[in-house]
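Enquirer: Got a sequence here, can you model it:
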Amino acid sequence: MIHSRLPSEVEEVLEGAMVAVLTAVNQRGEAVSHPMLPLYDREKGLLYFTSSILFSKKLNHIKRNPRVSVLISNRDYIRSRSYHVVQVKGEARVLDQDLSSGWQWLLPLWRKKEPYIDAFLKRRFALPLFWERAVIEVQPRKVAVWRGGDLDSEPELHVLGEKL
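Expert: Take a look at the predicted model:
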């Protein structure tokens with residue numbers, strides 16, 4: 001069955017995750033994974049990441065092949081009442097039209113997870129290339145959820161929009 005929304009407790013895990021592993025496919029067809037800070041917008045149902053242009057290989061991989069996978073699995077890095085292992089398969093796009101400030105609309109979501117980000121932003125001129133950032137927007141299409149982190153059980157599957 002195709003759903004329009006994820007269950008609230010799954011969205012809570014996406015919102016509370018401090019680390020997610022974003023996997024893209026490189027030009028040789030190999031999976032390449034990157035631990036990143038996920039920013040989930042519950043209203044839009046979209047998952048976001050920011051990436052400094054200093055680490056732009058992943059951006060090129062996504063531009064070449066927009067199918068990505070995101071894994072949230074380590075309980076130590078999930079700030080939520082609920083704990084589930086969540087794998088998101090989806091389509092990503094890179095928003096890099098304005099590297100200097102085009103990502104700043106994500107600051108409210110970023111601040112919720114890392115309130116000290118403002119202190120780093122005040123010193124952004126000391127590390128200018130680090131703050132030249134692109135946004136990776138992931139539209140979840142298929143989400144697998146292992147309730148309570150029980151990887152020995154079959155995952156609960158949620159299809160959002162078209163199947164991948």
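
Enquirer: tally of neighbours for the spatially closest residue to Arg111 that is not a sequence neighbour?
Expert: Using Cβ to Cβ, 6 or more residues apart in numbering and skipping residues adjacent in sequence, the residue nearest Arg111 is Ile117, 5.9 Å away. For glycine as for every other residue, the C-beta is placed from the backbone atoms N, C-alpha and C. Using other Cβ atoms under 10 Å, Ile117 has 14 other residues around it.

Enquirer: middle-most residue in this structure, spatially?
Expert: Pro38 (3.8 Å; Cα atoms, centre = their mean).

Enquirer: Pass me the low-pLDDT residue ranges in this protein, would you?
Expert: 1-3, 55, 118-130, 162-164 (pLDDT under 70).

Enquirer: ok, then the element right after whichever strand in it runs longest?
Expert: Counting residues, the longest strand found in the chain (DSSP state E) is strand 133-147. Going down the chain from strand 133-147, the next helix or strand is strand 156-160, by DSSP states H and E.

Enquirer: Of all the residues in that next one, which ones are buried?
Expert: 158, 160 (16 or more other Cβ atoms under 10 Å).

Enquirer: quick one: strands adjacent to that strand?
Expert: Here strand 156-160 is paired, per DSSP bridges, with strand 2-3 (parallel), strand 133-147 (antiparallel).

Enquirer: Please identify which of those is closest to Val25.
Expert: Among these, the nearest to Val25 by Cβ to Cβ is strand 133-147 (14.0 Å).

Enquirer: Go through the closest one and flag the buried ones.
Expert: 133-146.

Enquirer: mind giving me JSON lines with those residues and columns for distance to Ile78?
Expert: Formatted as JSON lines, the buried residues of strand 133-147 follow (distance: Cβ to Cβ, whole Å):
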{"residue": "Arg133", "distance to Ile78": "24"}
{"residue": "Ala134", "distance to Ile78": "25"}
{"residue": "Val135", "distance to Ile78": "22"}
{"residue": "Ile136", "distance to Ile78": "20"}
{"residue": "Glu137", "distance to Ile78": "22"}
{"residue": "Val138", "distance to Ile78": "18"}
{"residue": "Gln139", "distance to Ile78": "22"}
{"residue": "Pro140", "distance to Ile78": "17"}
{"residue": "Arg141", "distance to Ile78": "22"}
{"residue": "Lys142", "distance to Ile78": "20"}
{"residue": "Val143", "distance to Ile78": "15"}
{"residue": "Ala144", "distance to Ile78": "16"}
{"residue": "Val145", "distance to Ile78": "13"}
{"residue": "Trp146", "distance to Ile78": "13"}
